[in-house]
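Colleague: the sequence and its predicted three-dimensional model are supplied below.
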Amino acid sequence: MTASSGLPVRVDLLTGHFDAINVQHKSTCMRDLQGVFSDDAARKALPEDFEVYHVEMLASPQQEGELHTGTTHLMPGKVADEFFMTRGHFHQRREQAEFYFGLRGEGILLLQPENAPAYTEQVFAGSVHHIPSFTAHRLVNTGHDVLSALAVWPVIAGHDYQSLQPDGFRIRVFDRDGKVSLEVAGV
Ligand code: 6PG
Ligand code: NI
């Protein structure tokens, strides 16, 4: 692939970092994650400008049929006993699916179908994940290093963060005495 400049585009498959012109970056800090973790008081007590995750994306043509390619880098850490995670979303266009590819670190992909129980997949270097249509998705970093996952999704997919409020995903992931514990919310 070459960028519109004619220069080659490269990705470091050990990290997911892109080497290209016009790479776009989106940063999500502690202050942006109000209401996401089960203990919001613990979240507020952490530095508000701490970057929990960022996404780097190649520039894509903004038209139906085209695809986005981006890497999410999720820091290791916890809010109280709950592992750092992305906000998570349904696609605005619910029928649009997505692929994730684990590149480094260790974590869990939470998958929440609209009308079926939530389920999880282990994320690790080399893992491949099909996120079906009508399924919300969230990455959780259960390891000690950065969790990076490459994703490919349709440009028309969009994000719907609101539909997961107020209860969010039905599975939460905690560190209980050094063990990763999947817990069903509200039980
Ligand atoms: C997408 C992808 C992915 C995701 C990031 C950040 O549809 O754009 O699933 O790039 O947006 O992992 O997660 P949040 O959008 O939930 O903050
Ligand atoms: Ni998505």
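Modeller: Yep, it's here. Quick caveat: nothing in here was measured; it's all calculated off a predicted structure. Numbers count the residues shown, from 1 in each chain. Ligands and ions are numbered 1, 2, ... in the order given.
Colleague: report the contact partners of residue 154.
Modeller: 64-68, 93, 96-98 (CB atoms under 8 Å, 6 or more residues apart in numbering). (Glycine included, C-beta is placed from N, CA and C.)
Colleague: got it, and residue 145?
Modeller: 76, 104-106.
Colleague: next up, phi/psi of residue 61, please.
Modeller: Residue 61 adopts backbone torsions of phi -60, psi 130, taken as degrees, to the nearest 10.
Colleague: count of neighbours near the residue nearest to it when sequence neighbours are not counted?
Modeller: Distances taken as CB to CB, 6 or more residues apart in numbering put residue 155 closest to residue 61, at 7.4 Å, once the chain neighbours are dropped. Residue 155: 15 surrounding residues under other CB atoms under 10 Å.
Colleague: was I right to think residue 155 contacts residue 59?
Modeller: No - Residue 155 lies out of contact with residue 59 (CB atoms under 8 Å); the separation is 10.8 Å.
Colleague: centroid-nearest residue for this protein?
Modeller: residue 139 (4.2 Å; CA atoms, centre = their mean).
Colleague: beta partners for that one?
Modeller: When assigned by DSSP bridges, residue 139 has beta-bridge partners residue 109.
Colleague: so who does it touch?
Modeller: Neighbours of residue 139 in contact, by CB under 8 Å, 6+ apart: 53, 72, 74, 85-86, 100, 107-110, 123, 147, 149.
Colleague: report the contact partners of the residue nearest to residue 61.
Modeller: With CB under 8 Å, 6+ apart, residue 155 has these contacts: 60-64, 66-68.
Colleague: which regions of the protein sit below the pLDDT cut-off?
Modeller: Along the chain, segments meeting pLDDT under 70 span 3-7, 166, 186-187.
Colleague: which parts of it sit against ligand 1?
Modeller: 28, 55, 70, 72, 86-89, 98, 137, 139, 151, 153, 157, 159 (CB under 6 Å from any ligand atom).
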